[in-house]
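Asks: When you get a sec, could you give me coordinates for this:
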Amino acid sequence: MEEDVPVNIFAEEEERVIRPNKSQLKRDAVALVKLGKKLESLDMAQLGRLDMPDELRESLIEGKSIHQNGARKRHFKFIGKLLREMDTELLEKTINDLEFGTAKANAEFHAVERWRDRLLDTEDVHALDAWLEQYPQSDISRIRQLIRNALKEIQGNKPPKSSRMLFKVLRETVESNPAKTE
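Replies: This next block holds a predicted model:
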């Protein structure tokens with residue numbers, strides 16, 4: 001009588017090597033190249049503050065001087081390779097913080113520009129009241145004088161000196177009271 005030898009039908013699958021998904025590896029490589037390009041766009045002072053290997057820092061600095069497309073592409077693939085060999089989580093966080101800081105500064109700048117334009121709009125009679133309600137610590141007499149001068153300059157087609165000064169005063173007021181925003 002023959003003995004039944006248990007046959008493992010999953011043996012063939014267990015022997016197979018599970019390899020990573022090629023598409024995911026490619027997406028990861030492209031993401032690292034993009035991170036390398038973001039790092040390369042930073043100025044020298046920002047690069048100096050980041051914690052990274054010297055070889056990567058030197059490659060990023062060298063990348064700034066490469067202008068030919070093919071050479072630039074190869075160089076960023078090399079930077080991607082260097083980034084693959086290290087933990088990039090901290091670098092990504094730092095880049096995001098820098099980008100968010102820049103976006104926040106731009107938003108604040110545009111908010112002050114909108115206030116200036118609103119204050120210089122002769123049809124918006126409540127603009128100054130709204131400004132004072134939001135920023136009661138403002139030097140109202142100085143702001144009124146700058147508004148008058150800026151409107152005269154606009155009517156006389158003169159350079160916008162008072163308008164620039166008004167922007168500067170508004171920005172200083174907003175920066176001195178950062179808790180309130182438009």
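
Asks: Buried residues, the helix with the most length in the chain. List them.
Replies: Looking across the chain with DSSP state H, the single longest helix is helix 89-120. The neighbour-count check on helix 89-120 (16 or more other Cβ atoms under 10 Å) flags 91-92, 94-95, 98, 108, 112, 115-116, 119-120 as buried. For every residue, glycine as well, the C-beta is placed using N, CA and C.

Asks: Break the protein down into its structural domains.
Replies: Listed domain ranges for the chain are 11-86, 93-176 (source: automatic domain parsing).

Asks: does P159 count as helix, strand or coil?
Replies: At P159 the chain is in coil, as set by DSSP: H, G, I helix; E, B strand; the rest coil.

Asks: Tell me the helix or strand right after the longest helix of the chain.
Replies: Sequence order places helix 127-134 as the next helix or strand after helix 89-120, per DSSP states H and E.

Asks: which residue is nearest the centroid of the chain?
Replies: E99 (1.8 Å; Cα atoms, centre = their mean).

Asks: do you know how far it is from A150?
Replies: E99 sits 34 Å away from A150, taking Cβ to Cβ, to the nearest Å as the criterion.

Asks: And for G156?
Replies: Noted for G156: a distance of 11 Å to A150, by Cβ to Cβ.

Asks: quick one: low-confidence ranges for this structure?
Replies: 1-17, 178-182 (pLDDT under 70).
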